[in-house]
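J.: no letters, just coordinates:
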């Protein structure tokens, strides 16, 4: 026998009744939007005050399909409830009504992450046509985007691997970078994504490293995984005595050396030259950035005439050094 809860403002669309939890089909995830599996907070709440916000289900043969409230139902099952209150969709509701209900239930409670937004847009995509374009369907459902171009990019998230989606949710992989990584062949995107997430790199550093790896692969006729799985790169990434910042610095240095071997060779020559100069008094000889120009800079800090005289001595030492001419030329 069905038991009903009276909710006059809502019963136009559904009835609230109790059903056996075993009659709910948890295998149908068509309308699932929420990411994450942590049920502890929901379980504690249900144990304490009951299921205040019943999930919505719709009849589907001998079972009920879930429209929204997947985690609430999982939590109820986990704590051992045999019967729970649900919002039972009345006949006449369409699949589009189901999709909108699922989206509104989620977006009305909190800000959705990008993967949840992508799932929401995917639900609406199948109902879009010339009379009801996708941006119009999205409008008014609490989603943060309605621009057609952005929606097209967001839809692509649904085809990304779970690891890539997790990077987007955590904020360690931006949408532009994720889209670029999905264009890579095979599992290259996931390998690069895993490195970016482990080092927690900024977008600029991600772009720099990806560009270097691509150029190295092209230069050495290798695949991206072959470059990234090289012993020297792996040793950098898993160096036990380095923190993330040091591993990032050493990895960038290594990749630049592999990409620009001539520049790297000259950097070593220049470092040896500086050591042999033994500049004192805070004097410094600064090469052009990345050795891509021919303008060097001399720094001479001084506070009095005696220190200024020392600057002249430092300059004479540089001029007399046998390697200065070859370095500059």
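T.: The structure has been received and is ready for your questions. A quick note: this is a predicted structure, and the numbers were derived from the prediction, not measured.
J.: residue ranges with poor pLDDT in the stretch 151-300 of the chain?
T.: Of all residues in the stretch 151-300 of the chain, none has pLDDT under 70.
J.: show me the helices in it, by range?
T.: For the stretch 151-300 of the chain, the helices defined by DSSP state H, counting those that start in this stretch occupy 162-170, 175-181, 188-199, 203-220, 224-228, 231-237, 244-259, 261-277.
J.: next, format those as a markdown table and append mean neighbour count.
T.: Glycine gets a C-beta too; all of them are placed from N, C-alpha and C. Output for the helices of the stretch 151-300 of the chain, formatted as a markdown table (neighbours: other CB atoms under 10 Å):
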| stretch | mean neighbour count |
| --- | --- |
| helix 162-170 | 17 |
| helix 175-181 | 18 |
| helix 188-199 | 20 |
| helix 203-220 | 16 |
| helix 224-228 | 19 |
| helix 231-237 | 14 |
| helix 244-259 | 16 |
| helix 261-277 | 13 |
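J.: any chance of those helices in TSV, with distance to residue 144 too?
T.: Shown next, in TSV, are these (distance: least, CB to CB, whole Å):
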stretch	distance to residue 144
helix 162-170	14
helix 175-181	12
helix 188-199	23
helix 203-220	19
helix 224-228	32
helix 231-237	35
helix 244-259	30
helix 261-277	44
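J.: and the nearest residue to residue 214 once chain neighbours are set aside, how far from residue 216?
T.: In space, and not counting its chain neighbours, residue 214 is closest to residue 224: 7.0 Å by CB to CB, 6 or more residues apart in numbering. Residue 224 sits 9 Å away from residue 216, going by CB to CB, to the nearest Å.
J.: surely residue 250 meets residue 244?
T.: No - when contacts are counted by CB atoms under 8 Å, residue 250 is not listed as touching residue 244 (11.0 Å).
J.: residues contacting the residue nearest in space to the middle of the chain?
T.: Nearest residue to the geometric centre of the chain (CA atoms, centre = their mean): residue 173, 2.2 Å. Counting by CB atoms under 8 Å, 6 or more residues apart in numbering, residue 173 touches 164, 167, 181, 193, 196-197, 206.
J.: and it, its phi and psi?
T.: phi -130, psi 120 (degrees, to the nearest 10).
J.: and the two most separated of the contacts of residue 173?
T.: 164 and 206 (13.1 Å; CB to CB).
J.: got the domain boundaries for the chain?
T.: 1-94+102-109, 111-159, 170-259, 276-328 (automatic domain parsing).
J.: just grab the bridge partners of residue 60 for me.
T.: Counting by DSSP bridges, residue 60 forms beta bridges with residue 63.
J.: which residues touch residue 209?
T.: Residues in contact with residue 209 (CB under 8 Å, 6+ apart) are 195-196, 201, 251-252, 255.
J.: quick check, nearest of these to residue 187?
T.: Closest to residue 187, out of all of the contacts of residue 209 and judged by CB to CB, is residue 195, at 12.6 Å.
J.: the nearest residue to residue 286 once chain neighbours are set aside: how many residues sit nearby?
T.: Of all residues not flanking residue 286 in the chain, residue 297 sits nearest, at 4.2 Å (CB to CB, 6+ apart). Burial of residue 297 is recorded as 9 neighbouring residues (other CB atoms under 10 Å).
J.: against residue 289, how distant is residue 297?
T.: For residue 297, the distance to residue 289 - CB to CB - is 10 Å.
J.: relative to residue 88, which of the contacts of residue 209 is nearest.
T.: Of the contacts of residue 209, the one sitting nearest to residue 88 (CB to CB) turns out to be residue 196, at 45.5 Å.
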